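[1] Take this sequence and fold it.
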Amino acid sequence: MKMPAIVTTKEEFDKSIPRESLEKEVELRILAGAIRSKIVDLGNKWVIETEWNVVGQQ
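    Predicted coordinates for the structure are as follows:
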C-alpha cells in the first residue's frame, strides 16, 4: 500500500510583480488542493512555496 507523500514546489517571480497578484496565485493553489502555500521575499525576487499532498507517491 502506497502512502501519501508531500511534494514542495518553488516558483520564482520577478520582483516587478505586485505582491497582491501573488496573493491571488496563492489562493488559486489552495483552491486547487495545495496543503499550504506562501510567498517568500528573497529581496530581488518573489518565490511561491507550495506543499502538495500527492497520494500514491513516495
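
[2] Going by C-alpha atoms from here, please, whenever you check contacts or count neighbours.
    Noted.

[3] Check which helices and strands the one helix or strand K24 maps to is in contact with.
    Taking DSSP states H and E as the definition, one finds K24 inside helix 19-31. Packing partners of helix 19-31 (3 or more Cα pairs under 8 Å, 6 or more residues apart in numbering; DSSP states H and E): strand 36-41, strand 45-54.

[4] CSV for those strands, including mean neighbour count?
    As requested, those are exported to CSV (neighbours: other Cα atoms under 10 Å):
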stretch, mean neighbour count
strand 36-41, 16
strand 45-54, 17
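
[5] now those in TSV, with distance to L22 and mean pLDDT?
    Formatted as TSV, the helices and strands packed on helix 19-31 follow (distance: least, Cα to Cα, whole Å; pLDDT from 0 to 100):
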stretch	distance to L22	mean pLDDT
strand 36-41	7	98
strand 45-54	8	96
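
[6] okay if I get the ones you listed as TSV plus distance to R19?
    Compiled in TSV, the helices and strands packed on helix 19-31 are given as follows (distance: least, Cα to Cα, whole Å):
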stretch	distance to R19
strand 36-41	8
strand 45-54	8
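
[7] so which of those comes closest to E12?
    strand 45-54 (4.5 Å; Cα to Cα).

[8] Give me the angle between that closest one and strand 36-41.
    Angle, strand 45-54 to strand 36-41, by axes from the mean of the first three to the mean of the last three Cα atoms, to 10 degrees: 160 degrees.

[9] Strand 45-54 pairs with which strands?
    Strand 45-54 has the following strand partners under DSSP bridges: strand 5-14 (antiparallel), strand 36-41 (antiparallel).

[10] mind putting those in JSON lines, distance to V26 included?
    Below are those laid out as JSON lines (distance: least, Cα to Cα, whole Å):
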{"stretch": "strand 5-14", "distance to V26": "11"}
{"stretch": "strand 36-41", "distance to V26": "6"}
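
[11] Tell me which of the ones you listed sits nearest to V55.
    Nearest of those (Cα to Cα): strand 5-14, 6.2 Å.

[12] rewinding a little: output the helix holding K24 as PDB, restricted to C-alpha atoms.
    Listed next in PDB are the C-alpha coordinates belonging to helix 19-31 (Å, rounded to 0.1, in the frame of the first residue of the first chain):
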ATOM      1  CA  ARG A  19       2.500  41.200  -4.000                       C
ATOM      2  CA  GLU A  20      -1.300  41.400  -4.400                       C
ATOM      3  CA  SER A  21      -1.100  39.500  -7.700                       C
ATOM      4  CA  LEU A  22       0.900  36.800  -6.000                       C
ATOM      5  CA  GLU A  23      -1.600  36.600  -3.200                       C
ATOM      6  CA  LYS A  24      -4.200  35.700  -5.800                       C
ATOM      7  CA  GLU A  25      -1.800  33.000  -7.100                       C
ATOM      8  CA  VAL A  26      -1.500  31.500  -3.600                       C
ATOM      9  CA  GLU A  27      -5.300  31.500  -3.200                       C
ATOM     10  CA  LEU A  28      -5.600  29.600  -6.600                       C
ATOM     11  CA  ARG A  29      -3.100  27.000  -5.400                       C
ATOM     12  CA  ILE A  30      -5.100  26.400  -2.200                       C
ATOM     13  CA  LEU A  31      -8.300  26.100  -4.300                       C
END
